[in-house]
Every structure is written in C-alpha cells, then in structure tokens.
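Participant: A predicted structure for the sequence below; I have some questions about it.
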Amino acid sequence: MNNRHFQTPIEYLKGVGVSRAEVLKKELQIFNFEDLLKHFPYKYIDRTRFYKIKNLNADMPHVQVLARLTSYEIIGEKRTKRLVAQANDETGTIELVWFQGIKWVEKSIIKGKVYIIFGKPGFFNGKAQMPHPEMELYTPANVKRNGNLTLQPAYNSTEKLKQYSLDSKGLQKLVASLLEQHLKDIHENLPQYILNKFKLTDRATSYRNIHFPENATVLHEARYRLKFEELFFLQLKLLKNKLLRTQKFKGNIFETVGHYFNDFYHNRLPFELTNAQKRVLKEIRLDTQRGVQMNRLLQGDVGSGKTVVALMSMLIAIDNGFQTCIMAPTEILANQHYHTIKNLIDDTFIPVALLTGSVSKKARKVIHEQLEDGSLKILIGTHALIEDKVQYKNLGFVVIDEQHRFGVEQRAKLWRKNTVPPHILVMTATPIPRTLAMTLYGDLDVSVIDELPAGRKPIQTVHYFENQRLRMFGFMKQEIAKGRQIYVVYPLINESEKLDLKNLMDGINTMSHEFPLPQYRISIVHGKMTAAEKDFEMQRFIKGETHIMVATTVIEVGVNVPNASVMIIENAERFGLSQLHQLRGRVGRGADQSYCILMSGQKLSHDGRIRLNTMVKTNNGFEIAEIDMQLRGPGNIEGTQQSGILDLKVADLTTDQEILSQARSCVEDIFEKDPLLALPEHQVLNLAFQAKTDGLSWDKIS
Ligand code: ADP
Ligand code: MG
C-alpha cells in the first residue's frame, strides 16, 4: 500500500486482539492490515439463482444448475477411470465428471431425477463440463440462498484458525470490518491516464469488489485492475533497474569487426549460420557499440546452436583487444565447452584455457599470470572463474551458460571485476515461458534463436513400460550394430536417496549382463565420481571407444556427442519436463535419425502421465516450457525462488500473459517518455514506488 496506515499491526484491527493476531501471523502470515487486505478469496460461490446450461462459461464462479440426470457410465481403466454423467435442462446438456469416490457417487445418484448441481463450470472440447460437482436432489425446500451478496467469498483457513472462530466466515467478517473502517485510506497509485487507457477500476473499489463482489462483472474488473497493478509495479521495478544500470555503467565499445571474427567466419566455421543465429549476432553487435553495458539473455531451444553465437560474439570482443570468458554450471559442461571451442579454433589461432576446481595448482598459476598480462583471450570454467584470486587484465565479454544455476549475487561478482563492467550474455539451457522471461529476466534484453540448423531430423520419442524392456534391448543392439552410441540416464544420485544408487547399480548390472564384453563396452558416469574419473569416462564415449554411456543426470546440460543417437531415460516419470527435454536434446545432433525412449513403471501420477505424453507429442522446447509451467506453477520452475514473482498475490503468470504484456509495454512507454518520472502525472508512481521499495519483497528482484 502506498501509505503507512496499512502497515498497522493486525492486532489493532477491531475484533482481532492479541491471541487471534498470533494465530493469524502463524497460520496465514498476516501481520498487518495490508496482509489481510491481500488475503484474497480463493473462490466465490453464487447461490442466488440457477444458471441455464447454455449460459455457463469458464470464467464463472461456483454456480448452481438445476438439471435432470439422464445417464451415466464409468469409463477408462485404472488411472484414467472416471464416472461421466450427462444432465440437461431445457437449454442444453452438461457433462459431470468424477475421478475420485466413483463408487460412492455411483451409489448415490439416480437416473431421471432432477438435481441441484453445484460446482465450477468448465469447458472441454466445446462442451459444458463440471468436475466433481456437489449433487443434491432437488426439492423446493433445499434451494440455498446467499444473504444479500450475489457472490459469497470463500477464504483459505486452517484447523487452528477455526478454533479461534476464524473459518472462512470469520475471516470474511474481519475483511469486512477492515474495509468498512479503512476503505477511504486506500489511495490510487496509478496515473489517471493509465486508468482511462486500460479502463481500470479505481483502486479502493477494486479492493472492495475483489472481496465482496456484487456480481461476476465487477469481480472480473476488480481482479483485472489488481493484477494489472501488481504486474505493472513489478515491471516498473525491473525496467527502472535496467535504466539505472545503463546510466550507471558505461560499456566497452567494440568498434571493429576484425581479423579474428572474419578469419573464423570465412575459414573455420564448419556450417552456414541459421538466419536466427545471424539475427542474434547482429543484435549483440549493435548492443556492444552503444557505449552501454550489454545485459542480454539468449534463449534458444536445445541444439539451436547457442554456443557458436557466443563464441563469435567473443571473437568480436577479442578483435577489440578484450579478454572473454564462459562460465558453466558444472565441470562436465565446462569441459565440453572447452573441447567444442578447441575444435572450432586451435591454439595457433587464439589461446584458450580451462579453469575448474580440478585444475592443478601449477597450471592454475600459469593461467592467472596469462590472465593478468592479457595474453589469455578465452577462459572457460565453472564458478572458479569468479574467485577473487582471478584477475583479468581487461575482461570485456562474459558468457554465462545455463544461468539459472548461478545466483544473482554471483552474477554481480563478475561485474565488479572491472571498473567498466564487461558485456554479459546469459544463455538458458532450455526455453522458459514468455511470462517468466519477462519477469525473471525482465531487466535484460532478450534474443531468441527460434530455428534449428537445417537438416535436423526431429527426434522420435516413445514411452515404454517396464514390460517392454526386452524390446528396448533389441532396439539398442540394432542401433549399436549401425555404429551408433546410446545414453542411458538414471535419476540423480543423491546421498540421502539410497534408492537412486541402487537403481543405478541394478541398471548397470543388467546392462553389463545384456551387453557383455568384449562385444560391447559401457561407460559409467555418476555424481559420486571425481571430476577426473568423470572426464575420463566422458572422453572414452566421445571418442567412440564405448557404445553405451550409463549416467545420472550429471550429463544433463550441454553435452554434445553427435554420434550418440539414442537417449534412454530410466524412471522417466521422476524427471521434470524441462529436464526430460534437456536430456533428450543430447541426441539428434548428427545426421542420423535419433530416438528417445522414456521408460517408466506401470503406475503413473496424473502429472507424470501428462509429462510423458507431452514429450512423445512434441519436440518444441517453447511449447514444453509452457506446459511445464501449467503443471507446476511458476513458483516451482528453477530460478524463480529468489525472484519477486513468488510474491504475486493475484496475478498468475500461467494465465495472465496478456495483462503482463500490457503492463510491460505501458511501463516501457512511461520510461521512454519520462525516464526520471518527473512529469506531474507520474508523481503518484514515485510515491507508490518508494513505498514498495521500502518493503521486503521488491528488493529481492535482481
Ligand atoms: P545449444 O543451443 O543447445 O547450446 P549447441 O551450441 O551445443 O546447442 O549446438 C548444437 C550442435 O549444433 C553443435 O554440434 C553445433 O556445432 C551445431 N550447430 C550450431 N549451429 C549450426 C548451424 N548453423 N548449422 C549446423 N550445425 C550447427
Ligand atoms: Mg548449450
């Protein structure tokens, strides 16, 4: 809120007092007036009337329909088993679906009877549907009515709160009392012209209506306004940070594209760049000429060729006399980058070094010296790169691969290494949903490689259950006979999870039995091995000395062995979607048709099934990222934890993309026109903004 008033401790609200305040704090993290005001209803109930089936829509709250049950049947087996019933009134038919308690429902409903059917309407294949409705035989006496409110709010509560009479109704009373006494103190925090432009309801009204809506229309308007406000201030913070940074940090100017870039481009680059790669290079080129520090996020699907774009950008930096580095999240990936880059350029062309935790003291010393005298041009490594001992002569360009594993703090550490900070290119491992890109990386510029190199054959993906294992072995032998190599991946070995280790060891046993020496050779890589051991095994596989690589997810990111054409993922149901996609991306890198086999047990959760089906259905990482977010919610996507988006109270990044885009372009316009927020109509923003930045949550945003 934009005034002190709402920071008043909750015990001072009439009807609360000390002991209730204690439980409110403990159970719901409601410490002050603002927290209570933002404890929004999780659903609304409309018991004032019966809706006609043809008038139902998916935006509605929980409503009641009066309809006759005409038929029902149980369909599907085991995991997909459900009871589906049809009911109709004079305007149409609605499908009622139960996944749980099927037996009980079946016993209690009677064909041909009229029911009061209560629930949240939805649509499936264009047909009205209601999952898990409450059913009550209709009699004139049991028709329920709300008081004078059309939509009854329902609040989350807990058993403990109920002991203090703070169930949904009790909380409703508190909110009502808060609004009654303090509604006038809720001040507008958006400029009038923005309210007009987006037809936004004023702030006080919105807070009242989100708690006590008179009808669905005003509820919708209130939610829209509050979502907009929330996303607007998030963007304001992010874009202000970005603006401040461009004002505060000068950037190195890369004036020329010189020998190194040109020689590489004309004589060494082994393939034609895709149009998307060319476009991104141009974007980076423009960024590094402006005299402002570049902070750019490079998004691209697995295998879209981000590495070569990074390398070529680095060559431009080197052409202009600067040093460069690539920071990777794991030693394996750092190694991989090192070898890839050494393959593309040799030492006679440009000196490259690898710096990880396992580099010897002696070698490390040499690297440090060469960094300080400026002779070393490309350094590749893990976070060993940002240790304080590492001093560069003139670091000009930094690539951070798979950045979500680096904290904001670590990024900042790199910037502090020079007075003029280096340009920064952050690359993501797999695509992230658009809304997340706009928030998590909202203070960065974004480039997208939305095109795979020509001639790639889409990876064929299948899902096998345990009883198809023999078939899988047969397929593996067939592929090995063709000269291909195979990955077999197990869930990560985690010290606390003995099960993983057992799975892996059992797997290795079975594999060595099924693929005996000397005909077959197997590499093994897992998290309990030393870096040197891992590298040794990786190299054997890369050189084609082994046929099968049995590994835990340490190989997840970035590994590139073009001759490997089969990826087998064991216990695939235990992996997240983006991890599955990332793993699958390890194959399909050569000219051969590649395959991915997802192995799972017979029993799958609802989400597990969707994940595996999604993988079978599509190869598109952007599409997969969206589904991943729908399944897990934005808060569970890697990298979101330390960001401010978890504090969103009303906006939802999975569904509010449209509002987010509006809010963002609105803020962009404001900063374009009035970067200092000096115009009179923007004073209200300064006020609100100051209040926000005093709070806890807003400063967590990078
Ligand atoms: P990612 O974007 O997943 O990091 P990489 O940079 O590892 O992808 O590239 C994947 C593979 O594609 C590498 O073997 C790389 O050499 C190759 N590659 C990159 N760009 C092209 C291109 N334009 N044409 C053909 N192959 C390419
Ligand atoms: Mg990569």
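Facilitator: Sure, I can see it. Ligands and ions are numbered 1, 2, ... in the order given.
Participant: Tell me the spacing between His39 and ligand 1.
Facilitator: Distance of His39 to ligand 1, given as CB to the nearest ligand atom, to the nearest Å: 43 Å. Using the backbone N, CA and C atoms, a C-beta is placed for each residue, glycine as well.
Participant: actually Asp35, not the one I typed
Facilitator: For Asp35 relative to ligand 1 (CB to the nearest ligand atom), the value is 43 Å.
Participant: Ligand 1 contacts on the chain?
Facilitator: 271-274, 277, 300, 302-308, 453, 560, 562, 589 (CB under 6 Å from any ligand atom).
Participant: residues contacting Leu178?
Facilitator: With contact set as CB atoms under 8 Å, 6 or more residues apart in numbering, Leu178 has these partners: 13, 33, 36-37.
Participant: Name the nearest residue to Asp607, sequence neighbours excluded.
Facilitator: Leu631 (5.3 Å; CB to CB, 6 or more residues apart in numbering).
Participant: burial of that neighbour, as a residue count?
Facilitator: Other residues near Leu631 come to 17 when the count uses other CB atoms under 10 Å.
Participant: Go ahead and confirm it touches Gly608.
Facilitator: No. The pair Leu631 / Gly608 is not scored as a contact, 9.8 Å apart, by CB atoms under 8 Å.
Participant: dump the residue contacts of Leu612.
Facilitator: 463, 572-573, 598, 600, 604.
Participant: mind redoing it with 6 Å?
Facilitator: 463, 598 (CB atoms under 6 Å, 6 or more residues apart in numbering).
Participant: just to revisit the earlier point, kindly write the ChimeraX command that selects the buried subset of the residues of the chain next to ligand 1.
Facilitator: Of the residues of the chain next to ligand 1, the buried ones can be selected in ChimeraX as follows, counting by 16 or more other CB atoms under 10 Å:
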select :273,274,277,300,302,303,304,305,306,307,308,453,560,589
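Participant: Narrow the residues of the chain next to ligand 1 to those in strands?
Facilitator: Among the residues of the chain next to ligand 1, the ones falling in strands (DSSP state E) are Gly300.
Participant: returning to what we had before: locate the residue nearest to Asp607 within the secondary structure: which element?
Facilitator: Assessed by DSSP states H and E, Leu631 sits inside helix 621-632.
Participant: what does His187 give?
Facilitator: Using DSSP H and E, His187 falls outside every helix and strand.
Participant: how about the strands in the stretch 351-500 of the chain?
Facilitator: Applying DSSP state E, counting those that start in this stretch to the stretch 351-500 of the chain gives strands spanning 352-355, 378-381, 395-401, 423-427, 445-449, 460-465, 485-490.
Participant: Determine which of those approaches Phe322 most closely.
Facilitator: Of all the strands of the stretch 351-500 of the chain, strand 395-401 sits nearest to Phe322, with 2.6 Å by CB to CB.
Participant: for stretch 344-364, how far is the first residue from the last?
Facilitator: Terminal residues of stretch 344-364 are spaced 24 Å apart (CA to CA, to the nearest Å).
Participant: ah, wrong one, I meant stretch 317-330
Facilitator: 25 Å.
Participant: what's the burial count for Ser157?
Facilitator: With other CB under 10 Å as criterion, Ser157 counts 18.
Participant: Whichever residue of the stretch 1-150 of the chain sits closest to ligand 1: neighbour count?
Facilitator: Closest contact between the stretch 1-150 of the chain and ligand 1, by CB to the nearest ligand atom, is at Arg79 (34.0 Å). Neighbours of Arg79 under the rule other CB under 10 Å: 14.
Participant: Count the neighbours of the nearest residue in space to it that is not next to it in sequence for me.
Facilitator: Of all residues not flanking Arg79 in the chain, Leu604 sits nearest, at 6.3 Å (CB to CB, 6+ apart). When counting by other CB under 10 Å, one arrives at 19 neighbours for Leu604.
Participant: could you measure Leu604 against Val462, distance?
Facilitator: 15 Å (CB to CB, to the nearest Å).
Participant: Check Asp301 too.
Facilitator: 21 Å.
Participant: cool, Gln323 as well?
Facilitator: From Gln323 to Val462 the distance is 47 Å (CB to CB).
Participant: Tell me the buried residues in stretch 140-159?
Facilitator: 149-155, 157.
Participant: hmm, who's touching that stretch?
Facilitator: For stretch 140-159, using CB under 6 Å, 6+ apart, the contacting residues are 27, 41-48, 61, 167-168, 171-172, 211, 213-215.
Participant: now, which of those lie within strands?
Facilitator: Short answer: the contacts of stretch 140-159 in strands (DSSP E) are 43-48.
Participant: how about those residues in CSV, adding pLDDT and neighbour count?
Facilitator: Formatted as CSV, these follow (pLDDT from 0 to 100; neighbours: other CB atoms under 10 Å):
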residue, pLDDT, neighbour count
Lys43, 89, 14
Tyr44, 90, 22
Ile45, 86, 21
Asp46, 85, 21
Arg47, 82, 19
Thr48, 80, 17
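Participant: Please work out the residue of the chain nearest to ligand 1 and name it.
Facilitator: Gly305 (2.8 Å).
Participant: Quick check, pLDDT for that residue.
Facilitator: Gly305 is assigned a pLDDT of 90 by the prediction.
Participant: Likewise for Thr80?
Facilitator: 76.
Participant: ok, it - how many residues close by?
Facilitator: With other CB under 10 Å as criterion, Thr80 counts 10.
Participant: and what of Glu180?
Facilitator: 10.
Participant: and what of Glu533?
Facilitator: By other CB under 10 Å, neighbour count at Glu533 equals 13.
Participant: so it, which of the three states?
Facilitator: Counting by DSSP: H, G, I helix; E, B strand; the rest coil, the backbone at Glu533 sits in helix.
Participant: That one and Tyr51, how far apart?
Facilitator: Taking CB to CB, one finds Glu533 at 66 Å from Tyr51.
Participant: before we move on, what about Thr246?
Facilitator: Counting by CB to CB, the gap from Thr246 to Tyr51 is 53 Å.
Participant: what's the answer for Gln172, then?
Facilitator: For Gln172, the distance to Tyr51 - CB to CB - is 23 Å.
Participant: same check, this time on Ile548
Facilitator: Taken as CB to CB, the span from Ile548 to Tyr51 is 60 Å.
Participant: before we move on, which element is the nearest residue in space to Gly455 that is not next to it in sequence in?
Facilitator: Excluding its sequence neighbours, the residue lying closest to Gly455 (CB to CB, 6+ apart) is Ala591, at 7.0 Å. Under the criterion DSSP H and E, no helix or strand holds Ala591.
Participant: What's the local residue count around Ala591?
Facilitator: Neighbours of Ala591 (other CB under 10 Å): 11.
Participant: what do you get for Lys162?
Facilitator: Neighbour tally, Lys162, other CB under 10 Å: 14.
Participant: so it sits in a helix?
Facilitator: Yes. Under the criterion used here (three-state DSSP), Lys162 sits inside a helix.
Participant: Any figure for the gap between it and Glu27?
Facilitator: 10 Å.
Participant: for Phe254, same thing?
Facilitator: Distance from Phe254 to Glu27, by CB to CB: 56 Å.
Participant: Those two: which has the busier surroundings?
Facilitator: Phe254 (25 against 17).
Participant: Domain ranges for this protein, per the record?
Facilitator: Domain assignment for the chain by automatic domain parsing gives 3-43+157-185, 49-148, 207-248+655-700, 259-449, 460-618.
Participant: Would you reformat the ones you listed as TSV and include distance to Ala625?
Facilitator: Compiled in TSV, the domains of the chain are given as follows (distance: least, CB to CB, whole Å):
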stretch	distance to Ala625
domain 3-43+157-185	27
domain 49-148	24
domain 207-248+655-700	13
domain 259-449	5
domain 460-618	7
